[in-house]
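Engineer: Need a 3D model of the following:
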Amino acid sequence: MALRFKSGLIVFALVVLGCTLPCLGQASQETSSPASEHPAGEQMPDQQLSGSIRGTIVDGTGAVVAGARVTLTGDQPLSQEVLSDSDGLFSFTNIAPGPFQLTVTSAGFAKQTSSGTLYSGQTCIVPPITLAVATAITDVEVVLSPAEVAEEQIKEQEKQRVLGFIPNFYVSYVPDAVPLSPKQKFTLAWKMTIDPVTLVLIGGTAGVQQAQNDFSEYGQGAQGYAKRYGAGFADTVSSTFIGGAILPSLLKQDPRYFYKGTGGTRSRILYAVATSVICKGDNGRWQANYSGILGALAAGGISKLYYPATSGNGAAETFENALIGIGEGVGEHLFQEFLVRKLTPKLPKRNPTKP
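Structural biologist: The predicted structure follows:
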């Protein structure tokens with residue numbers, strides 16, 4: 001009985017052990033399986049591989065563009081540049097995955113950009129990048145000749161009228177105005193001479209002379225008035241043309257008064273006095289006003305031809321009248337410097353137009 005019981009226990013133990021051994025083997029096999037799933041050198045799930053970007057540059061007709069500069073920007077620390085080859089091809093290698101942008105420039109073409117995303121280990125071939133011909137933008141700068149600039153400045157001067165009607169053509173409010181050509185000097189003298197206000201002022205002076213019976217040799221009545229008017233007109237023509245056109249053209253001097261308008265009162269007074277005997281040359285430098293001084297002497301000498309002999313026309317008186325003319329010039333320039341500008345409604349801009 002005991003032997004049978006023990007034999008039964010042994011049989012039972014063997015059965016139990018036989019059922020258990022296969023599970024233990026299976027567990028051992030499952031435990032070692034993870035090592036076999038990732039052999040050495042195989043990519044891990046979080047590892048990113050570099051890739052490459054390739055493409056072609058063409059123009060609007062589809063022809064390839066060689067030598068185009070292609071700049072790559074994106075997640076790379078530094079931008080990269082390549083030139084398209086003779087077939088218009090370009091290529092970037094060993095590029096980290098991520099978004100990127102290509103900028104293409106080439107002479108004669110407008111800049112073009114293209115963007116995309118490079119994935120891990122990918123060779124990205126971008127669509128052909130078409131360059132458009134650059135729009136030509138031409139800046140046309142109109143450069144006037146000195147004569148044309150001077151003409152524009154003269155037109156501005158001819159608008160200068162004291163109180164809106166008295167001509168004030170021989171004053172420049174542009175400090176560095178362009179010198180006048182000889183033709184322009186004669187034109188300005190002619191316009192000043194035949195200006196209606198000039199003719200009216202000559203007529204008024206002749207009327208005062210007749211009322212005071214100046215130059216009595218001329219007589220009275222219409223004939224006497226006409227002689228006085230003619231003498232006054234001759235004075236205006238000779239002084240204006242000789243001192244304002246003929247001599248300035250020969251001596252290359254500017255007959256205009258250049259308004260200062262800046263600095264203290266004392267400096268402006270000294271300037272007005274000095275410009276009675278000095279003037280600006282056509283070369284822009286200040287020099288002795290030979291045109292004005294000699295013009296006054298010449299006009300005084302010519303006046304001997306039409307004024308009565310008894311009015312006094314000796315050489316001494318001619319020089320005296322020239323000195324008086326210089327003194328009158330001082331008064332006129334002071335008047336110009338401190339008062340006339342305020343009484344002139346239309347003035348040119350202070351900024352000059354340069355050639």
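
Engineer: all strands of the stretch 251-355 of the chain, in order?
Structural biologist: Taking DSSP state E, counting those that start in this stretch as the criterion, the stretch 251-355 of the chain carries its strands at 257-258, 278-280, 286-288.

Engineer: mind listing what the first one pairs with, with the direction of each?
Structural biologist: Same thing as strand 257-258. strand 171-172 (parallel) (DSSP bridges).

Engineer: possible to save the strands of the stretch 251-355 of the chain as TSV with distance to Ala211?
Structural biologist: Where you see a C-beta, it was placed from the backbone N, CA and C, and this is true even at glycine. Output for the strands of the stretch 251-355 of the chain, formatted as TSV (distance: least, Cβ to Cβ, whole Å):
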stretch	distance to Ala211
strand 257-258	32
strand 278-280	37
strand 286-288	40
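
Engineer: okay, those strands in TSV with distance to Tyr229, mean pLDDT and mean neighbour count next?
Structural biologist: Shown next, in TSV, are those (distance: least, Cβ to Cβ, whole Å; pLDDT from 0 to 100; neighbours: other Cβ atoms under 10 Å):
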stretch	distance to Tyr229	mean pLDDT	mean neighbour count
strand 257-258	28	94	20
strand 278-280	31	94	20
strand 286-288	35	95	13
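
Engineer: so which of those comes closest to Gly204?
Structural biologist: Closest to Gly204 of these, according to Cβ to Cβ: strand 257-258, at 23.8 Å.

Engineer: Tell me which residues are up against the closest one.
Structural biologist: Contact partners of strand 257-258, identified using Cβ atoms under 8 Å, 6 or more residues apart in numbering, comprise Tyr170, Val171, Ser172, Pro175, Ala177, Thr275, Lys280, Glu332, His333, Gln336.

Engineer: Just the buried residues out of those, in ChimeraX syntax.
Structural biologist: Here is the ChimeraX selection string for the buried members of those, based on 16 or more other Cβ atoms under 10 Å:
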select :170,171,172,177,275,280,332,333,336
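
Engineer: in the stretch 51-200 of the chain, which spans are helices?
Structural biologist: 146-157, 182-194, 196-211 (DSSP state H, counting those that start in this stretch).

Engineer: out of these, nearest to Glu217?
Structural biologist: Ranked by Cβ to Cβ, the member of the helices of the stretch 51-200 of the chain that lies closest to Glu217 is helix 196-211, at 12.0 Å.

Engineer: How far away from the center of its chain is the closest one?
Structural biologist: 49 Å (Cα atoms, centre = their mean, to the nearest Å).

Engineer: per-residue pLDDT, the closest residue to Leu163 other than its chain neighbours?
Structural biologist: Leaving out its chain neighbours, the residue that sits closest to Leu163 by Cβ to Cβ, 6 or more residues apart in numbering is Leu343, at 5.6 Å. Note on Leu343: pLDDT of 90.

Engineer: Leu343 touches Arg161, doesn't it?
Structural biologist: No: applying Cβ atoms under 8 Å as the test, Leu343 and Arg161 come out as separate, 9.4 Å apart.

Engineer: out of those two, which sits in the more crowded spot?
Structural biologist: Set Leu343 next to Arg161 and count neighbours by other Cβ atoms under 10 Å: Arg161 wins out with 17 against 13.

Engineer: The more buried one contacts Lys346, doesn't it?
Structural biologist: Yes: between Arg161 and Lys346 there is a contact under Cβ under 8 Å: 7.2 Å.
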